[in-house]
Structure formats: C-alpha cells, structure tokens
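[1] Provide a 3D model corresponding to the input given below.
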Amino acid sequence: MGEEIRIATFNAENFFMLLDKDYSGEEFEALSDSDYAAMNASIYNPNKDRGKVAAIADIIMKEDFDVVGLCEIGGVETLANFTRYYLSGRYDYYLHQENSRRGIFVGALVKKGRFDEVEAGNVRVDFSRNLLELRLASGRLEFSAFVVHLKSQHGQDRGIEKRLEEIEGLRSLVAGRRACVVLGDFNGIAIRGHSQFEFDRFLELPLRDVLEAVGVPEGARFTHFYFAAGKPSFAQLDYIFCSDDIAILGGGAMADMVPLNFAQRRRLPSDHVFLKATIAPPERDQT
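    Below is the predicted model:
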C-alpha cells in the first residue's frame, strides 16, 4: 500500500470573489460588507458572502486536505483571492477559464510542498464546464485526478443528450487508467443499483464510489440539499470514484447541519457539502 492522501470535492455554489484592487490582509478584513459586495456588479453572480467563504476555508484548513476539487468557481481571480485571504497561501491553485457557459469553472487546490511534481491541464472536451486533469507525483507516489462538473438536468429534455455525450466522453477518457481518481459534481444519481440510465456505461468501469466503499447505506448518501415547494429533496450528486488499484481507507460526506427548510439552507455556505476521502494510491514501478 502506498502513502495516504487526503482528498475532497466540493461544489461551492456560485463562488465569486472579485475585488477592485489588491488589498493587504488587514485592508481586506476592514472592508464593509457593502463595499465588498459592490466590487462585483453582477446581479446573477454576486460576490459570495464573506461569512460563507470563511466557513468553506475553515473546513479546508481544519481537515488539512492534500487535494481539493472545486466546482462553480468564478474564475482564476476568485480562486487566487480565496487562497490568499482565507487559506494563508498554503495551497497552490489551478483553474483554466475555458468553455463554461455560465462563467463558473472547476478548479483545484493542492497543498504546497505535498508533492514533488504537479501538472494541471484543461482537457479539450466539449463539456458544459471545463474538465481539469491533475497529475501528482512524489517519490514512489503517482496518481491522476479528474475534476468534473457534468451538465445539469435543466433545459430541454432535461439536457439528456448533452449529459449522455459528456458522460460517455468522461468514460472514454478514464477507461483503462490506473491510479486514477474522478471527483466532482455529476449532477445526477450514479449509485450502483440505483443510478440514472445515463451512467450505465460509466459504472461498468472498475471504479469504486468512496461512500459505497466505506459502507454508507444507499439511502443515507447525500451531498446536495434542495427544497421544492417547501419539501426537502436530498441526494448524492457529488462523487469520488477511485480506480480499483487505489485503497480507500476512509471517507464521508461532511454534513454537520442538515437544514429543515430553505431558509436554513440559504444560511449554509453552499447547497452542497464537502465529500472527503483518505486514499492510498499504489506505488509506481521505478525499475
């Protein structure tokens, strides 16, 4: 078994943090909420409440993740500001602002000094969001990670044609890979035995869902809070899939508070929760 790696995925829900100039840490903390909000004039993608940003950062810092895959990030500037003002510069950030129709992207945080080699690139695919590939290596450790945010079930025919296209593209990309992790927001149910049909071919791959691997019952798996007509609908939309040569040592959804209504949900940092895992990729052959 190789060395342990702590990873996580999180959909930060329209996370924008755009500033009008460079601020020192003290100057940033001294900004009023109204001045901070005014720096991003968008009515659709406003700057995220700083209390919610701090809550997201608190989880990352306390859990001391080695790698975090993030969804719905409002560009490189947002991720740069987040790491500087809230993560004490402890993480390198990776995000390619390409092919997102809503101005939100997937990105990644990698703990500084944790790996000897880190490569990050945008995978050239026609997805609704960008698809980020990481290659991480240190000593005898080497593995790849794909951070994904698949097409939602909104739009004509619930976007099924585009969803099928994206899922098949993802399947083709990771099929046959060893020491591989796929993590992010799948925008659908990809639980074996209970999945939506568009995931059938993807689930034929020798990939293991972390929540399944650690024994969480199907009915207890959720990473997303949604309220329709006042009624809750909780589901697992976020996943960490590992190739079967990676040992899954632990993991779970980090849902300390389960909202009872939409008002409570709105006070949370996101409509999603962190999904984490401790893994041990196989040692690479150095002969």
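
[2] can you give me the strands for the stretch 1-150 of the chain?
    Under the criterion DSSP state E, counting those that start in this stretch, the stretch 1-150 of the chain carries strands at the ranges 5-15, 67-73, 91-95, 105-111, 117-122, 132-138, 141-149.

[3] and the first one, what other elements does it pack with?
    Other helices and strands packing on strand 5-15, by 3 or more Cβ pairs under 8 Å, 6 or more residues apart in numbering; DSSP states H and E, are helix 50-63, strand 67-73, strand 141-149, strand 180-185, strand 238-243, strand 274-280. Placement of C-beta: from N, CA and C, glycine included.

[4] try 6 Å this time
    Counting contacts by 3 or more Cβ pairs under 6 Å, 6 or more residues apart in numbering; DSSP states H and E, strand 5-15 packs against strand 67-73, strand 180-185, strand 274-280.

[5] ditto for the second one
    For strand 67-73, the helices and strands in contact under the criterion 3+ Cβ pairs under 6 Å, 6+ apart are strand 5-15, strand 105-111, strand 180-185.

[6] mean pLDDT, distance to Gly69 and mean neighbour count for those strands - can I get that in JSON lines?
    Converted to JSON lines, these look like this (pLDDT from 0 to 100; distance: least, Cβ to Cβ, whole Å; neighbours: other Cβ atoms under 10 Å):
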{"stretch": "strand 5-15", "mean pLDDT": "98", "distance to Gly69": "4", "mean neighbour count": "24"}
{"stretch": "strand 105-111", "mean pLDDT": "97", "distance to Gly69": "5", "mean neighbour count": "24"}
{"stretch": "strand 180-185", "mean pLDDT": "98", "distance to Gly69": "5", "mean neighbour count": "26"}
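
[7] need the ones you listed in TSV (columns: distance to Phe262).
    Compiled in TSV, those are given as follows (distance: least, Cβ to Cβ, whole Å):
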stretch	distance to Phe262
strand 5-15	14
strand 105-111	26
strand 180-185	20
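
[8] surely Phe262 touches Tyr226?
    No. Judged on Cβ atoms under 6 Å, Phe262 makes no contact with Tyr226 at a distance of 9.2 Å.
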